[in-house]
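**Q** I need the structure of the sequence given here:
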Amino acid sequence: MHTKKRNDLIFYSAMLAFPLLQFGIFYIAVNVNSLVMAFERYDYTTGAISFAGFGQFRQAFYFLFRSPELSAAWKNTLLLFVVSLFGDGLGVLFSYYIAKEKPLANLLKIGIVLPTLLSAIAMAVLFKYFGERAFPALFHTEEGLFSGNAVLPVLLFYHVWMGLGTSVLVLSGTMSAIPKSLSEEAELDGCTFMKEFFCITLPMIYPTLVTFLVIDIAGIFVGQMGLYHFYADDADPALFTFGYYLFREARNATLAEYPVLAAMGALFTLVAAPLALFSKKLLLRLGPSAD
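**A** The predicted model follows:
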């Protein structure tokens, strides 16, 4: 018996070793190094790295609010956040419809979840091909979806569509765990479809919904709405979000530019992290109770 417990311990430790090592290197170490880098300065002539104090933060702050390249990033980032919240709401409604096993619920679930099972790059290529070639042919228009003023709404739609699969999988599973006896008793008491949603389903899934909302708030400065998939490094500045800008610049930056980008990321964290924690406490306090 002792040998079996020891073998089980070795097996579980071996299974956890790789993900823990990966988390330690690619999350903890990378973020700590990024924070340290935000206080450094690189000298091109000597190759020396020195302490820069808050100089990189001042430069990053000035660039965020004064750079013409980022003039549209504030609007697009906030717009993407609002649209993400709207997508969460759609995910709740679709999940409820699927969980209640309404007509064509399984077909709807497949259509929503299928994009998340395919490669993100493959989906972007197919979507862009449809928007640029198939759409004008089907609807007899001169311009495709990726030209003119239609580009931003199309990208926002793509962002919501690609995010629905995950939310529907999680939320429909959470709704399926609600005891059916509650629904049956509600129906016997004359509870309507929507009244059951607001009085029973929503309070029961509210903690899970809060998790999605907090993730949206915490990731407000990292969303890209698929820009890199569609445009690589060549997106129009009018479409920029901060998530896309930081990702693009980090790929192409020199050693001297990394500290400013790291300071920029630290500034975003100083805003997003407290906001996410405060929002979680507030939403859990003010939200409906399952009791």
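**Q** so how far is residue 94 from residue 278?
**A** 29 Å (CB to CB, to the nearest Å). For the C-beta atoms, the positions are set from N, CA and C on the backbone; glycine is no exception.
**Q** neighbour-wise, which of those two wins?
**A** residue 94 (20 against 11; other CB atoms under 10 Å).
**Q** which element is the more buried one on?
**A** According to DSSP states H and E, residue 94 maps onto helix 73-99.
**Q** average pLDDT for that helix?
**A** Averaged across helix 73-99, pLDDT comes to 94.
**Q** mind listing what's buried along it?
**A** 73, 76-77, 80-81, 83-84, 87-88, 90-92, 94-99 (16 or more other CB atoms under 10 Å).
**Q** and stretch 102-120, by the same measure?
**A** For stretch 102-120, using 16+ other CB under 10 Å, the buried residues are 109, 112, 113, 115, 116.
**Q** okay, those in TSV with pLDDT and secondary structure next?
**A** Output for the buried residues of stretch 102-120, formatted as TSV (pLDDT from 0 to 100; DSSP: H, G, I helix; E, B strand; the rest coil):
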residue	pLDDT	secondary structure
109	87	helix
112	89	helix
113	87	helix
115	85	helix
116	83	helix
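**Q** let me know the closest of these to residue 12.
**A** When these are ranked by distance to residue 12 (CB to CB), residue 116 comes first, at 29.2 Å.
**Q** what sits against that closest one?
**A** Counting by CB atoms under 8 Å, 6 or more residues apart in numbering, residue 116 makes contact with 162, 165, 166, 169.
**Q** which residue packs closest to the third one, ignoring adjacent ones?
**A** So that's residue 166. residue 116 (6.0 Å; CB to CB, 6 or more residues apart in numbering).
**Q** how about the second one?
**A** Across the structure, with CB to CB, 6+ apart as the measure, the residue nearest residue 165 apart from its sequence neighbours is residue 116 (3.3 Å).
**Q** what's the per-residue pLDDT of residue 67 here?
**A** 87.
**Q** run the chain-centre distance for stretch 133-141.
**A** 31 Å (CA atoms, centre = their mean, to the nearest Å).
**Q** for stretch 108-116, same thing?
**A** 18 Å.
**Q** likewise for stretch 45-62?
**A** 30 Å.
**Q** show me what the lowest-mean-pLDDT helix or strand in the chain is packed up against.
**A** Ranked by mean pLDDT, DSSP states H and E, the helix or strand of the chain with the weakest confidence is helix 180-188, at a mean of 82. Counting contacts by 3 or more CB pairs under 8 Å, 6 or more residues apart in numbering; DSSP states H and E, helix 180-188 is packed against helix 193-196.
**Q** let's see that with 7 Å instead.
**A** The contact analysis (3 or more CB pairs under 7 Å, 6 or more residues apart in numbering; DSSP states H and E) places helix 180-188 against no helix or strand.
**Q** buried set for it?
**A** 183, 186.
**Q** what's the answer for stretch 187-203, then?
**A** 191, 196, 197, 200, 201, 202.
**Q** would you mind measuring the gap between the ends of it?
**A** Using CA to CA, to the nearest Å, one end of stretch 187-203 lies 17 Å from the other.
**Q** ok, and what's touching it?
**A** Outside of stretch 187-203, the residues within contact range by CB atoms under 7 Å, 6 or more residues apart in numbering are 96, 175, 178, 182, 183, 186, 288, 289, 290.
**Q** tell me the mean pLDDT over whichever helix or strand the second one is part of?
**A** This points to residue 175. Per DSSP H and E, residue 175 falls inside helix 151-176. Here helix 151-176 scores 91 as its mean pLDDT.
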